[in-house]
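Trainee: just to be clear, the model below is a prediction. Sequence and coordinates:
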Amino acid sequence: MTPEAPAKKQITVPVMADLAARNESPEILFWVGCAGAFDDRYKRVTRAFVRILDHVGTKYAVLGLEESCTGDPAKRAGNEFLFQMQAMTNITTLNGYGIKKIVTACPHCFNTIKNEYPALGGDYEVIHHSTYLQQLINEGKVGVTGGESFKGRRITFHDSCYLGRANNIYEAPREVLAALDADLVEMKRSRANGLCCGAGGAQMWKEPEPGKKDINIERTEEALATLSGKADALANLGGVETETAAPGAHDLQGSIIAVGCPFCMTMMSDGVKNKEQEANVQVFDLAELVASAEGINA
Amino acid sequence: MPTILRPQTFPPYLYRMLQSLLFALLLVAAFGLFIWQVRKIRANILVGRERDMSGRAAERFRKTLLVAFGQQKMFKRMTPALLHLVVYVGFLVINIEVIEIVIDGLFGNIFGFHRSLKFLGPVYDVLMATNEVLAALVIVAVAAFWWRRNSNPPLKRFTGPELRMWPKLDANIILYIEVALMLALFFMNTADLKLHAMRGEDLPGTFPVSNLLVGLLPSSEGTLHVLERLGWWIHITGILLFLNYLPSSKHFHIIMAFPNVWYSRLVPQGQFSNVESITNEVKAMMDPSFVVPPAPTAPDGSALAPTPFGAKDVDDLPWTNLLNAYSCTECGRCTSVCPANLTGKLLSPRKIIMDTRDRMEEKYNSPLIFRPNVYGAEAKHEPVTDLMEATLLRGKVTPEELWACTTCNACVESCPVNINPLESIIEMRRFLVLEESAAPNSLNVMFSNIENNGAPWAFSPSDRFNWADDLFAAEKPATTVA
């Protein structure tokens, strides 16, 4: 360790079963989700978010090994039986611990628990981590200072369908990004007009049907054109009718595509690789950006 | 009444009575036929599965006011929104004049009056002037609509495999009828104006457009009278014919948009329906003490055939999805924003809605004119020979289309009349998976991963918490609230 490196501390993530054994209850349950637990790239998001939770001193817990798939991909693929099996198993666990409030970094888990669990007996206050991060920033608990500076770096936010259109959350992620004091630009297809990354509805687990191109390539091309702001790149995005102002030309180097969903993360990262821009453009989740700006990564 | 029109052997009162009688018969016949057609379509919609859409009337009323009457969602695209607004307002306002035409037609002849709403005085002036200006604007808007559809190349969303043959013709027929109706209106007003002017009389009302056209008509009282009557009859007969054309046409949306928006879903778009029969089964599996509610029985008490999971045919869809199909005006906004369609996949949400309507009319009632929306020889699917075999799923909608959907809700968001193609897609996916076990293989792998590992990937559940190993953070005092 170099002398100037900041001191670091180990975080022991609190597990719900241990809290319950001590007769304690957390303020919020962090629902990690399968991608957050298993996908190598998204594990970094999970860890970044836990650093933030730890940093602000929230009393949180995770289910750990007791968590299981919400059933979202099964439901979207038409396997209602498997979905309800998963849902009721999870609801039994959550209700057993008397969970009231859940935060998750996955819009699919968020949508399923928030909207589809109540009819099956699971009523919780569910918030997506973009909303949670926005609250922390608004409350001043996170200052997004002291770490990496994003000033002047160009960022575009890719709306996740299950956060945006599915649940009308468009502003929270943008307000989080606005706090970074970066150069925020909007894609032509944004907010309610956002274009899917191509992974929703269980597409994540199958090959796409035959077509002209993959959806994530279409979306990545739009993101890159927006980030570079070059007229010819933007002109290729025909047929989009929105009033989003075209951004000015900008060097792609150091640009960021911000996402708030593990599947968007995979699809956009693959798209950037496909376009051979990974040296210039990085794909980050909101939590990673906040943790970096706050200087709590170790 | 000029002598030219009056057969000499006919006493004048008899001639006038005959006109009124003819008009009354026409009116009764037209509305009777329309109601007969509407009842058939209502029966088609009600073959759908039961779904309780009662309650929350205030919210529904507000939504109908905004989305249907106020055309809120049209204004996402300004150009078509303004063009459509002209035709929509024209339709509403010109219908006030239709009331006058009906009163004139029924009683004006007998009692010898004309333009029965003239007692409104200055209001009548404003009404007639507004009508004329709107009618002229409607012609302009319709011309623009025609150009958008028929120029080379047309707007992209007016193309596609589902928009050939009848649907393409239907769209143009509507535009032609609208222009014909407006021209008849001008014919009637211009002739009437000139007729009155030649007699040195003042025609009640203000007619800014017809005033400009007076010079185009001949200066013979007899001819002018014939032209005025002709315009009058063409206008009203045209409207009544158009009314009866609607049930065969995509233009039916001018009526169905309202109930469709009223009965649209009020829950977040991401919330999919839960299948209740499955809930009961799962509960029974997980809790041995759970008592499964008795299956519904037929009115006579006999057992009903069990309904399949998901939808194979139109009768398996909720009735609201069938109502959707009759509210669709095939504008293609859904398909134009569909990520699958944009990238060249077979899926087109509009086609699924159109297929649903086709199938209902194939299997159940068809409206008067002909079975609409049959694509003809060019179509992707062959003409139906076996009605029971050609179900909505596989008969019209292929699994390839259904599996291309990302459930992103772009189609749902884009529909100006709140049609939900995604629901139908999911219902058909449910049938494929739960009744036919016909999911793509990779999805079956995903299902078994969830069953065995509690995650859609083949990871060991015991590794689920490994992400928390060796987790460090930089020491930094917590930011305190300033």
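Mentor: Thanks, I have it.
Trainee: what pLDDT is listed against B:Val140?
Mentor: Note for B:Val140: predicted pLDDT of 97.
Trainee: can you count the residues close to the nearest residue to it once chain neighbours are set aside?
Mentor: Closest residue in space to B:Val140, ignoring its immediate chain neighbours: B:Val86 at 7.6 Å, by C-beta to C-beta, 6 or more residues apart in numbering or on different chains. For every residue, glycine as well, the C-beta is placed using N, CA and C. By the criterion of other C-beta atoms under 10 Å in any protein chain shown, B:Val86 has 18 neighbours.
Trainee: doesn't B:Val86 fall inside a helix?
Mentor: Yes: according to DSSP: H, G, I helix; E, B strand; the rest coil, the state of B:Val86 is that of a helix.
Trainee: list the contacts of it.
Mentor: B:134, B:137-138, B:140-141 (C-beta atoms under 8 Å, 6 or more residues apart in numbering or on different chains).
Trainee: at 10 Å instead, please
Mentor: B:134, B:136-142, B:144 (C-beta atoms under 10 Å, 6 or more residues apart in numbering or on different chains).
Trainee: again with B:Asn466
Mentor: A:37-38, A:43, B:459-460.
Trainee: most proximal residue of the stretch 101-250 of chain A with respect to chain B?
Mentor: Evaluated by C-beta to the nearest C-beta, the stretch 101-250 of chain A has A:Ala166 as its residue closest to chain B, separated by 2.6 Å.
Trainee: find the nearest non-adjacent residue to that residue, please.
Mentor: A:Ala166's closest residue in space is B:Gly270 (C-beta to C-beta, 6+ apart), at 2.6 Å.
Trainee: roughly how far apart are the one you found and B:Met188?
Mentor: With the distance defined as C-beta to C-beta, to the nearest Å, B:Gly270 ends up 53 Å from B:Met188.
Trainee: quick check: B:Leu183 touching B:Leu227?
Mentor: No: in this structure B:Leu183 lies outside contact range of B:Leu227 using C-beta atoms under 10 Å: 12.0 Å.
Trainee: show me where pLDDT drops low in chain A?
Mentor: By pLDDT under 70, the low-scoring segments of chain A are A:1-6, A:232, A:235-244.
Trainee: do a quick rundown of the strands in it.
Mentor: For chain A, the strands defined by DSSP state E cover A:8-10, A:28-31, A:60-61, A:101-104, A:125-128, A:154-157, A:183-185, A:255-259, A:281-285.
Trainee: then chain B?
Mentor: B:472-474.
Trainee: so what does the helix-or-strand element of it with minimal mean pLDDT touch, helix or strand wise?
Mentor: Ranking every helix and strand in chain B by mean pLDDT, DSSP states H and E puts helix B:109-111 at the bottom, with a mean of 75. In terms of contact count using 3 or more C-beta pairs under 10 Å, 6 or more residues apart in numbering or on different chains; DSSP states H and E, helix B:109-111 is assigned the packing partners helix B:12-45.
Trainee: closest point of chain B to chain A, which residue?
Mentor: Across chain B, no residue is closer to chain A than B:Gly270, which sits at 2.6 Å (C-beta to the nearest C-beta).
Trainee: isn't that residue up against A:Val126?
Mentor: No: contact criterion C-beta under 10 Å: B:Gly270 and A:Val126 do not qualify, at 11.7 Å.
Trainee: so how many other residues sit close to residue 85?
Mentor: Reading this off chain A. For A:Met85, using other C-beta under 10 Å, the count is 21.
Trainee: you answered for a different chain; I wanted chain B.
Mentor: Neighbour number of B:Leu85 under other C-beta under 10 Å is 15.
Trainee: and it, what pLDDT?
Mentor: 96.
Trainee: picking up where we left off before, list the contacts of the residue of chain B closest to chain A.
Mentor: Contacts of B:Gly270 (C-beta under 10 Å, 6+ apart): A:72, A:107-108, A:110-112, A:114-116, A:161-168, A:200, B:407, B:409.
Trainee: just the buried ones from those residues?
Mentor: Listed as buried from these are A:72, A:107-108, A:110-112, A:114-116, A:161-167, A:200, B:407, B:409; burial here means 16 or more other C-beta atoms under 10 Å in any protein chain shown.
Trainee: residue ranges with poor pLDDT in chain B?
Mentor: B:1-10, B:12, B:368-388, B:478-482.
Trainee: tell me how it divides into domains.
Mentor: Per the record, chain B has its domains at B:3-45+B:77-248, B:311-457, by automatic domain parsing.
Trainee: ok, back up a step: of B:Leu183 and B:Leu227, give the one with the bigger neighbour count.
Mentor: B:Leu227 (20 against 16).
Trainee: so the more buried one touches B:Thr190, yeah?
Mentor: Yes: at 8.1 Å, B:Leu227 and B:Thr190 qualify as touching, with contact defined as C-beta under 10 Å.
Trainee: overlap of the contact sets of those two?
Mentor: B:Leu217.
Trainee: what sits against residue 110?
Mentor: As the question left the chain open, I've gone with chain A. Contacts of A:Phe110 by C-beta under 10 Å, 6+ apart are A:31, A:33, A:70, A:72, A:102-104, A:126-131, A:160, A:162-163, A:166-167, A:169, A:260-261, B:270.
Trainee: please refer instead to chain B.
Mentor: Counted by C-beta under 10 Å, 6+ apart, B:Ile110 has contacts B:13, B:16-17, B:19-21.
Trainee: what about it, distance to B:Thr279?
Mentor: 65 Å.
Trainee: same check on A:Arg154?
Mentor: According to C-beta to C-beta, A:Arg154 stands 48 Å off from B:Thr279.
Trainee: so for the two, which sits in the more crowded spot?
Mentor: More crowded of A:Arg154 and B:Thr279, by other C-beta under 10 Å: A:Arg154, with 24 against 17.
Trainee: need the helices for chain A, in chain order.
Mentor: A:16-21, A:34-38, A:40-56, A:72-76, A:80-96, A:107-111, A:129-138, A:171-178, A:215-228, A:231-235, A:262-274, A:286-294 (DSSP state H).
Trainee: and the first one, how far from the chain's centre?
Mentor: Helix A:16-21 has its average C-alpha position 27 Å from the chain's average C-alpha position, going by C-alpha atoms, centre = their mean, to the nearest Å.
Trainee: kindly report the same for the third one.
Mentor: Taking the mean C-alpha point of helix A:40-56 and that of its whole chain, the gap between them comes to 11 Å (C-alpha atoms, centre = their mean).
Trainee: what's the answer for the fourth one, then?
Mentor: Per C-alpha atoms, centre = their mean, the displacement of helix A:72-76 from the mean C-alpha position of its chain is 18 Å.
Trainee: returning to what we had before: could I get the contacts of B:Ile110 as JSON lines with distance to chain A?
Mentor: As requested, the contacts of B:Ile110 are arranged in JSON lines below (distance: C-beta to the nearest C-beta, whole Å):
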{"residue": "B:Tyr13", "distance to chain A": "61"}
{"residue": "B:Arg16", "distance to chain A": "55"}
{"residue": "B:Met17", "distance to chain A": "57"}
{"residue": "B:Gln19", "distance to chain A": "51"}
{"residue": "B:Ser20", "distance to chain A": "51"}
{"residue": "B:Leu21", "distance to chain A": "53"}
